[in-house]
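[1] Sequence below, structure please.
(one chain, ligands or ions: 1)
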Amino acid sequence: MPATTISTFLTALTSGDLEVIDLTTPLSAATPALRLPEPFVNLIDFSLEEVSAYNEPGPFWRHNNIHTGEHIGTHLDAPVHWITGRDGDDVSQIPVQRLIGPAAVLDLTAQVADNPDYLLTIADVEAWETTYGPLAPGAWLLLRTGWESRGGSEAEFLNADDTGSHTPGVAVDAAEWLATQRQIAGLGVETVGVDAGLAGGFDPAFPVHNHFLGNDKYGLTSLRNLGRLPATGALIVVSPLPIVGGTGSPSRVLAVVDKAGA
Ligand code: MN
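    Reported below is the predicted structural model:
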């Protein structure tokens, strides 16, 4: 039987020539979450509620209810999450083709180490494209910032003081440019949200949300292990739950990489 593309891929997975990397933050009651200031209302955190554990309510089985906001932990933002995308797709309506694609990893670790409020610029993306080629149609642009190392502590992860939350993000003009001049599927970040911590004070406020979700693109947050991906050449699989009417969903995010190229 002749090899198909899928059989070649599966052979490489089985042999270990391809490696699967989990980009997801484990989901528990301790997973860091966004804390909106008053008067805004926050989502609930994730929690497990035991219903049975091989006992009277279910003698042969263990199962739980889950309680969670949509935008908790590693999660996808769907277009309807933002007022600019209000007529767009909810999370169940996203074409699944757009949830698998090339990963483009842009490393801002050095800039963010010097300045936690660092904002990605158009020049940063153009420099990346000069080295690695144009952002591919359908690609997920993943910002590596080193922020995942703070994920064990919500205080360190949110990095807030009297002047706000100091976490990296994307400059206003770069958010608009990426959303309108590149045919990418979405933006993935290591931080709690796709916008910078201080982005509520930008014009427009929360420019990644504004421009990406308003231009039928997606957001993806709280990613880990981006340092294990090559700048190009990895495949990303994003798997939000198809919540009907949902504005987002906790998501398992996987990458497939060439073992030698990782
Ligand atoms: Mn969100």
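
[2] Most proximal residue of this protein with respect to the ion?
    residue 71 (3.4 Å; Cβ to the ion). For the C-beta atoms, the positions are set from N, CA and C on the backbone; glycine is no exception.

[3] right, and that residue touches residue 243 too?
    No. Contact between residue 71 and residue 243 fails when scored by Cβ atoms under 8 Å: they sit 11.6 Å apart.

[4] Comparing these two, which shows the higher neighbour count?
    residue 71 (22 against 15; other Cβ atoms under 10 Å).

[5] and that one, helix, strand or coil?
    Secondary structure, DSSP: H, G, I helix; E, B strand; the rest coil: residue 71 is coil.

[6] Kindly provide the distance from it to residue 185.
    18 Å (Cβ to Cβ, to the nearest Å).

[7] What ranges does this structure have for its helices?
    5-15, 109-114, 122-132, 154-158, 172-181, 207-208, 214 (DSSP state H).

[8] Rebuild the ones you listed as a markdown table, extending it with mean neighbour count, mean pLDDT and distance to residue 92.
    Putting those into a markdown table (neighbours: other Cβ atoms under 10 Å; pLDDT from 0 to 100; distance: least, Cβ to Cβ, whole Å) gives the following:
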| stretch | mean neighbour count | mean pLDDT | distance to residue 92 |
| --- | --- | --- | --- |
| helix 5-15 | 11 | 96 | 26 |
| helix 109-114 | 14 | 98 | 34 |
| helix 122-132 | 14 | 98 | 31 |
| helix 154-158 | 16 | 98 | 29 |
| helix 172-181 | 19 | 98 | 22 |
| helix 207-208 | 27 | 98 | 22 |
| helix 214 | 20 | 98 | 19 |
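
[9] Next, format the ones you listed as TSV and append distance to the ion.
    Putting the helices of the chain into TSV (distance: least, Cβ to the ion, whole Å) gives the following:
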stretch	distance to the ion
helix 5-15	31
helix 109-114	20
helix 122-132	22
helix 154-158	14
helix 172-181	15
helix 207-208	10
helix 214	15
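
[10] and residue 239, which of those helices is closest to it?
    helix 5-15 (17.2 Å; Cβ to Cβ).

[11] What is the closest one packed up against?
    strand 18-22 (3 or more Cβ pairs under 8 Å, 6 or more residues apart in numbering; DSSP states H and E).

[12] Show me which residues of the stretch 101-250 of the chain sit near the ion.
    Contacts of the stretch 101-250 of the chain with the ion, taken as Cβ under 5 Å from the ion, map to residue 248.

[13] That's all I had, so thanks and see you.
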